[in-house]
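J.: got a sequence here, can you build the structure:
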Amino acid sequence: MLLTWLYVPGDRPDRFAKAVASGADAVILDLEDAVLAGRKAYAREAVAEFLAEPHPVPVQVRVNELTGPEVDADLAAIAGRPGLAGLRLPKVESPASVAALAARVDIPLHPLIESALGVEAAYAIAIAHPAVASVGLGEADLRSDLDVADEAGLAWARGRVVVAARAAALPPPAMSVYVNLADSAGLAASCAAGRRLGFLGRAAIHPRQLPVITDAFRPAERDVARAEELLAAVAEAQTRESGTVVLPDGRFADRAMVAAARRTVDLAARYAA
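T.: Next up, the predicted model:
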């Protein structure tokens, strides 16, 4: 279970190793929007060279648009590389495009939904192929497509993707990048809002954002204590073969609460302050 992903432009190989050592849980080398058209060939060569060996953290690649002219060259350069942990698929609008790509590569796929059409097809995309390991939003393009000016206009789309991921038995989606590097308070507030909607973790565009994101999604001590109390009560009820678990504060424990409690405890252990 990861909380932070750091994007790095694919045409900046001087930053690749630094990104791996930055403390991010995973690194995303970007061949799409972060690379100008005239730099695409250079970027894929640099990324392919870096992926010639495994790295201490997972390294994914965001390839170019699946219906565009660059993706075939992207796949030819990086598919099968030992250091490649997954593919980010931009601007996905249909399950068919995901399934078609999955037939060409044997690697986890992470579709990004960036349009109204993609939002409407979110669940179908999430179950398009067993290789789909997560779904997420690309919010910059989605804002443009929906012509919304602030985060409030994205609330329904965010909730739709959270529900689609859960319905498809995928991990909770991570939030899209926060582009204002100077606004750490705004980043923290945005993460808190996303957490309330069901997101878990966030992509970053600079290492300075990583600790803010981790702090925002790391479980609070009181939440860990409540989760541990719930799990202990469930274990005790199983010992006495009781199907009913009532906590001291009056809460009933059901399977959904148990799963959430285990995730809270696991996250707290992984991201101990």
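
J.: the longest helix in the protein is where?
T.: Longest helix of the chain, by residue count under DSSP state H: helix 221-239.

J.: ok, residue 189 to residue 180 distance?
T.: As judged by C-beta to C-beta, to the nearest Å, residue 189 and residue 180 stand 12 Å apart. Every residue, glycine included, has its C-beta placed from N, CA and C.

J.: higher neighbour count, these two?
T.: Comparing residue 189 with residue 180 by other C-beta atoms under 10 Å, the one with more neighbours is residue 189, at 14 against 11.

J.: tell me which helix or strand in this protein has the weakest average pLDDT.
T.: Among the helices and strands of the chain, helix 221-239 carries the lowest confidence by mean pLDDT, DSSP states H and E, at a mean of 79.

J.: now do that helix: distance to the chain's middle.
T.: Centroid separation for helix 221-239 versus its chain: 28 Å, with C-alpha atoms, centre = their mean, to the nearest Å.

J.: ok, and for it, which residues are buried?
T.: 223, 224, 226, 227, 229, 230, 231, 233, 234 (16 or more other C-beta atoms under 10 Å).

J.: do stretch 88-97 as well
T.: Within stretch 88-97, the residues that count as buried by 16+ other C-beta under 10 Å are 88, 89, 90, 91, 92, 93, 94, 95, 97.

J.: residue ranges with poor pLDDT in the protein?
T.: The model of the chain has pLDDT under 70 over residues 236-238, 240-244, 247-251, 253-256, 273.

J.: switch to 80 and redo it
T.: For the chain, applying pLDDT under 80 flags the ranges 232-257, 272-273.

J.: stretch 156-169: how far from the chain's middle?
T.: The answer for stretch 156-169 is 13 Å, by C-alpha atoms, centre = their mean.

J.: the strands in the stretch 151-273 of the chain, which residues?
T.: For the stretch 151-273 of the chain, strands defined by DSSP state E, counting those that start in this stretch occupy the ranges 202-204.
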